[in-house]
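> quick one, fold the following:
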Amino acid sequence: MASKDRIRIAIAGVGNCASSLIQGIYYYTPERCAQGVVGLMHKEIGGYLPCDIRVVAAFDIDTRKVGTDIHSAIFAKPNCTKIFQADIPPAGVKVSMGPVLDGYSAHLDSYPEDRRFVLADAPEPSKAEVVRTLRESGAEILLNYVPVGSEKAARFYAECALEAGIAFINNMPTFIASEGAFAERFRARNIPIIGDDVKSQLGATITHRVLTDLFGKRGVKLLRTYQLNTGGNTDFLNMKNQERLTSKRISKTEAVQAVAERRIEDDNIHVGPSDYVPWQNDNKICFVRMEGCLFGDVPMDLELRLSVEDSPNSAGVVIDAVRCCKLALEAGIGGVLEAPSAYFCKHPMVQYTDDIAYDMVQDFIRSPYGRKAASA
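Residues are numbered from 1 along each chain as shown. Next comes the predicted model:
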């Protein structure tokens, strides 16, 4: 199967999600793709396979990662995601020190070093230095994977992408693509951006959304619902600091509210991370409860338990987002990519039901006209 030139990406935050993404780039070889694949929403997008993606720059703040080859760094502590592709050659790309800003929460000091970030003893770069690294690397797209609650750090990297003139994919729940002023700046520079807060391939939020939409389509009145999540990776440990959870709770809650037939009263909906359970590692367990009324106002309830490996669950979505971003670059389209943002992210600028967003993404992928129509 013929492939095009490489898609050159940079990564801010070399955690579990970056590890799964890079493992997937090497797992989905042309041979494996030709034989039929499991785990991809799209085997090929615009002539690009997952293996056509290459990391050319990376930034982190952990001493076990900074200065090491990116392909070694993805297996360093505190990363704990499942290793499904261990045979990865050196990339020849060293992880650069990034700015700490609000990327580290003081409460992490209370936990063992192998479970948390350990700050590198290295000079923090200026914006000019990060921009220079991005330009010299030849990166076309910057992926934001900084920890939840790192509002300043996320915006810092968005600013760097703008200044470097490269596309930006915001996988985290800092509102950048869905925030008017930032979105307008990307549009004015004709630079593509996808965001905010990546959905998992089949995770808590997408499942909760589908069920909420189903209730409305089947005439069931949804009265109350919750989504509780536990996990043992650094993301959940970081979110033990409740002050870092504001945007995450908004993102996940609005993703569900957006597809409800009528908006659920605030006291009757709770969606968000719930607790850190160390031995779960990168396994995430979700509990959903939905209470409603059927025909004749007869009550019903639904309870669901979902167990997934958290980081691989998002990597397949990001691999599609990267390739859609590349198509926009080739077509000369900038600003918020509305269709990919709506289908791949929890908090896009404009919310659509998932079936409508799916059709929009298919149109985006199929033709330049669909791409132009699906950008804001």
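> low pLDDT regions in this protein?
1-4, 369-370, 376 (pLDDT under 70).
> swap the cut-off to 50 and go again
1-3 (pLDDT under 50).
> now do the buried residues in the top helix by length along it.
Counting residues, the longest helix found in the chain (DSSP state H) is helix 310-331. Neighbour counts over helix 310-331 (16 or more other Cβ atoms under 10 Å) mark 310-329, 331 as buried. (C-beta placed from N, C-alpha, C; glycine too.)
> residue 352 and residue 340 touch, don't they?
No - between residue 352 and residue 340 there is no contact under Cβ atoms under 8 Å: 11.6 Å.
> who's more crowded, these two?
Taking other Cβ atoms under 10 Å, residue 352 and residue 340 do not tie; residue 340 has more neighbours (32 against 18).
> and the more buried one, what helix or strand is that in?
Residue 340 belongs to helix 338-344 when assigned by DSSP states H and E.
> how far does that helix sit from the chain's center?
In terms of Cα atoms, centre = their mean, to the nearest Å, the centre of helix 338-344 is set 12 Å apart from its chain centre.
> list of residues touching that helix?
Defining contact as Cβ atoms under 8 Å, 6 or more residues apart in numbering, one finds that helix 338-344 is touched by 177-178, 194-196, 198-199, 317-318, 320-321, 324-325, 348-352, 354, 356-358, 360-361, 363-364, 370, 374-376.
> how does it look with 7 Å?
Contact with helix 338-344 is made by 177, 194-195, 198-199, 317, 320-321, 324, 348-352, 357-358, 360-361, 363-364, 374-376, as judged by Cβ atoms under 7 Å, 6 or more residues apart in numbering.
> same check on stretch 124-143?
Residues from elsewhere that reach stretch 124-143, judged by Cβ under 7 Å, 6+ apart: 7-12, 56-57, 59, 96-100, 156-157, 159-161, 163-164, 166-169, 171, 318, 322, 325-326, 329.
> out of those residues, which sit inside strands?
Counted as lying in strands by DSSP state E, out of the contacts of stretch 124-143, are 7-12, 56-57, 59, 96-97, 167-169.
> would you mind putting those residues into a markdown table with neighbour count and distance to residue 83 alongside?
Listed next are those as a markdown table, based on neighbours: other Cβ atoms under 10 Å; distance: Cβ to Cβ, whole Å:
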| residue | neighbour count | distance to residue 83 |
| --- | --- | --- |
| 7 | 21 | 24 |
| 8 | 17 | 25 |
| 9 | 27 | 21 |
| 10 | 28 | 23 |
| 11 | 30 | 18 |
| 12 | 31 | 22 |
| 56 | 21 | 23 |
| 57 | 23 | 23 |
| 59 | 26 | 23 |
| 96 | 22 | 24 |
| 97 | 22 | 26 |
| 167 | 24 | 29 |
| 168 | 27 | 28 |
| 169 | 30 | 24 |
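> identify the farthest-apart pair in the residues you listed.
Across the ones in strands among the contacts of stretch 124-143, the longest distance by Cβ to Cβ is 24.9 Å; it joins 7 and 97.
> for the chain, what spans make up the strands?
Going by DSSP E, the chain shows strands at 7-12, 53-60, 95-97, 141-144, 167-170, 192-194, 221-231, 269-276, 283-293, 299-309, 335-336.
> relative to its centroid, which residue of this protein is most remote?
Residue farthest from the centre of the chain, counting by Cα atoms, centre = their mean, is residue 296 at 41.7 Å.
> next, residue 76: phi, psi?
Backbone geometry at residue 76, expressed as degrees, to the nearest 10, gives phi -80, psi 150.
> grab the nearest non-local neighbour of residue 237.
Nearest non-adjacent residue to residue 237, counting by Cβ to Cβ, 6 or more residues apart in numbering: residue 276, 5.2 Å away.
> my bad, residue 93
In space, residue 93 is closest to residue 70, 4.8 Å off (Cβ to Cβ, 6+ apart).
> just checking, that neighbour touches residue 56?
No - using Cβ atoms under 7 Å, residue 70 makes no contact with residue 56, being 9.2 Å away.
> need the overlap of contacts for the two.
Residues within reach of residue 70 and of residue 56 at once, by Cβ under 7 Å, 6+ apart, are residue 93.
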